[in-house]
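1. Sequence first, then the predicted structure, then my questions.
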Amino acid sequence: MLNNFLAFSTLVSIWFSLLASLITLYGAIRFWIRHSKKIVSITPLKRYPTITIVVPAHNEELVIAKTTKGILDLNYPASKIEVLLYADNCQDKTAFEMRKAVDRPEYKYRNVQIIERQGSGGKAGVLNDALEIAQGEYICVYDADALPEQNALYFLVKKVLENPSRYMATFGRNKTRNAKQNFLTRCINQEVIVSQRIQHVGVWNLFKIGRIPGTNFIINTEYVRSIGGWQQGALTEDTEISFRIMEDGYLIALAYNSEAFEQEPEHLRDYYYQRLRWAKGNYQVVINNFKHLFDRSNWRVKLETFYLTCIFFWFNLAVVLSDIIFFVDLGCVVARFFNPKIPIIFAMDSNLLLMQLLLINWLLMILLYVTQINLALATQYGQATSDQIWLALGSYFTYSQLFIAISIQAVCSVIGDKIFKRDGSKWVKTKRFAD
């Protein structure tokens with residue numbers, strides 16, 4: 001009885017996860033159909049608010065010069081930009097590379113401060129330090145490896161000016177700048193494109209829910225001050241502050257034309273520890289905000305909490321259980337060739353093997369996975385190729401399964417941090433590469 005209940009619950013959970021994916025996909029398709037024929041033009045804004053651009057950098061000597069140059073070359077009035085470059089607890093030449101880039105003749109009169117910081121709090125600590133001295137109406141954040149497209153800031157500001165009293169922050173899209181390096185970066189590139197062009201777009205289009213992605217976004221300076229800044233020690237300070245914005249009834253708007261190019265991990269170890277940090281941070285945020293499902297928070301907070309709870313707990317558990325059930329039944333079927341008396345452990349009362357239903361589920365998940373990737377690629381110039389289809393199939397059985405292992409370790413780590421009162425804010429820095 002228990003095994004049948006467990007098996008049936010797993011099936012229903014997977015069907016529900018497929019439905020949630022289809023709803024998001026529907027929202028994204030509607031968005032891109034409506035926007036695919038729009039001609040984007042760069043016209044003067046009705047006003048140009050002062051922007052403080054903050055770049056937290058910890059041992060980023062290989063990438064910081066190119067990022068600094070990209071920021072100083074943004075298509076936005078130079079007199080309206082304040083740049084704060086933080087060399088945060090660096091043991092390399094990050095500060096030297098910053099000065100070398102800023103000292104170029106064309107940037108002689110730019111408002112740039114290079115701050116060699118010795119402090120705690122990680123990225124959130126840097127942002128809070130910057131918050132104390134920022135002069136801009138909005139704070140814009142770029143990671144050290146995030147190279148903004150020339151009009152990235154323009155589109156962020158343009159979007160926030162559509163409704164400045166409601167849009168407390170706006171965020172753009174990020175692309176993989178080393179996508180063709182190897183199999184891992186090609187898979188990451190597909191993941192990023194689906195995340196940016198299907199999930200973020202679909203959720204914004206249907207529910208007007210946005211999520212600050214950590215880089216390539218602007219946020220109202222006075223608002224951040226009013227809530228006490230970023231949470232110190234948070235592994236995903238972006239997700240944490242996104243919830244606080246929604247709790248206060250404001251929106252985080254999508255500026256879909258704003259783009260920045262990030263450098264992704266090129267080795268499996270670097271990828272694993274980066275995603276483990278992200279997963280731990282997201283689990284921490286979900287656990288901390290789970291109470292909103294039962295309090296009087298607004299419906300967007302409840303929906304976002306429910307969605308993330310499903311993604312990180314329910315759906316991941318369902319996938320793990322379905323894999324276990326499938327392979328246990330498969331083992332039983334093979335064993336019956338040698339001993340017909342061995343029972344099929346997870347068999348339905350109608351003698352229909354649950355393994356067969358799970359096989360259908362697997363095929364549906366693979367089909368939806370490949371469909372999402374290829375629809376996302378079709379919205380970005382030069383990405384939709386036949387090679388990407390085969391890569392999507394290959395990544396389903398390799399790259400995407402790795403995230404399940406990362407999620408399991410992240411959950412165990414978060415629980416362990418709570419039980420043993422460990423410092424869960426420590427993380428391994430992602431290795432950078434010269435490009």
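-> Now that the structure is in, tell me what you want to look at. Residues are numbered from 1 along each chain as shown.
2. Look at the residue most central in space within the chain and give its secondary structure.
-> By C-alpha atoms, centre = their mean, the chain has its centre lying nearest to Pro213, at 5.4 Å. Using DSSP: H, G, I helix; E, B strand; the rest coil, the structure places Pro213 in coil.
3. Tell me which residues touch it, please.
-> Applying C-beta atoms under 8 Å, 6 or more residues apart in numbering, one finds that Pro213 lies in contact with 171, 174, 200, 238. The C-beta positions use only the backbone N, C-alpha and C, and glycine is treated the same way.
4. residue ranges with poor pLDDT in this structure?
-> Across the chain, the ranges flagged by pLDDT under 70 are 1-4, 346-355, 423-429, 435.
5. all strands for it, in order.
-> In the chain, the strands defined using DSSP state E lie at 51-57, 81-88, 112-117, 138-141, 147-148, 167-176, 217-220, 251-262.
6. Tell me the buried residues in the longest helix along the chain?
-> Using DSSP state H, we find that the single longest helix of the chain is helix 2-35. By 16 or more other C-beta atoms under 10 Å, the buried positions in helix 2-35 come out as 7, 10-11, 13-14, 17-18, 20-21, 24-25, 27-29, 31-32.
7. from those residues, which single one is nearest Arg296?
-> Set against Arg296, the nearest of the buried residues of helix 2-35 by C-beta to C-beta is Ala20 (24.7 Å).
8. The closest one reaches Phe306, doesn't it?
-> No. Contact criterion C-beta atoms under 8 Å: Ala20 and Phe306 do not qualify, at 9.9 Å.
9. follow-up on the earlier one: neighbour-wise, which one of the contacts of Pro213 leads?
-> Neighbour counts for those, by other C-beta atoms under 10 Å, peak at Phe171, which reaches 29 neighbours.
10. what about that residue, distance to Cys140?
-> When distance is defined by C-beta to C-beta, to the nearest Å, Phe171 is 10 Å away from Cys140.
11. Now list whatever residues contact both of these two.
-> Contacts common to Phe171 and Cys140, judged by C-beta under 8 Å, 6+ apart, are 156, 217.
12. contacting residues around Ala234?
-> Ala234 is in contact with 124, 240, 281, 284-285, 425, counting by C-beta under 8 Å, 6+ apart.
13. same thing but 7 Å
-> Ala234 makes contact with 124, 240, 281, according to C-beta atoms under 7 Å, 6 or more residues apart in numbering.
14. Go ahead and confirm the second one touches Gln284.
-> Pointing back at Glu240 there. No. With contact defined as C-beta atoms under 7 Å, Glu240 does not reach Gln284; the gap is 8.2 Å.
15. The two: who's more crowded?
-> Neighbour comparison, Glu240 and Gln284: the larger count goes to Gln284, with 23 against 20 (by other C-beta under 10 Å).
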